[in-house]
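Student: can't give you the sequence, but here's the structure:
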């Protein structure tokens, strides 16, 4: 059974940093793709980033501020978020299931989800 567990959310002032982690377990395919999504109140869930073994993607609004990385030995994907802005406030989810990492995917292309972690950027 696939299980995804996010950690690392919280409250931070504008300009601050947070590190989100997604620990994945319960699947046999080592060539997995993890996506990070966020959903703000009243808005659709959007893909912020994804990563495969050979490729990664970041949405334009976070490029230069966020980085994504993976530890294959620990089946963990990390989203490092720097220079946070109030508009980054959302519940962040990691997800599994897309066939490859692409900017074209939406939440419908992933079929396993973590429970979400709240990120609030406010002074």
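Tutor: Yep, it's here. Note that the structure is a prediction, hence the values are computed from the model and not measured.
Student: now residue 121, which residues is it bridged with?
Tutor: residue 12 (DSSP bridges).
Student: let me fix that: residue 38
Tutor: Taking DSSP bridges as the rule, residue 38 bridges to residue 46, residue 92.
Student: how many neighbours does it have?
Tutor: 22 (other Cβ atoms under 10 Å). Backbone N, C-alpha and C define where each C-beta goes, glycine included.
Student: same deal with residue 39?
Tutor: For residue 39, using other Cβ under 10 Å, the count is 15.
Student: and the residue lying closest to it once chain neighbours are set aside, what is it in contact with?
Tutor: Counting by Cβ to Cβ, 6 or more residues apart in numbering, residue 39 lies nearest to residue 45, which is 4.1 Å off, once chain neighbours are set aside. By Cβ atoms under 8 Å, 6 or more residues apart in numbering, the contact list for residue 45 reads 37-39, 93, 106-107.
Student: make it 6 Å
Tutor: Taking Cβ atoms under 6 Å, 6 or more residues apart in numbering, we find residue 45 in contact with 37, 39, 107.
Student: can you check residue 84 too?
Tutor: Per Cβ under 6 Å, 6+ apart, neighbours of residue 84: 12, 16, 121.
Student: Tell me the pLDDT of the closest residue to it other than its chain neighbours.
Tutor: Nearest non-adjacent residue to residue 84, counting by Cβ to Cβ, 6+ apart: residue 121, 4.5 Å away. With respect to pLDDT, residue 121 has a value of 98.
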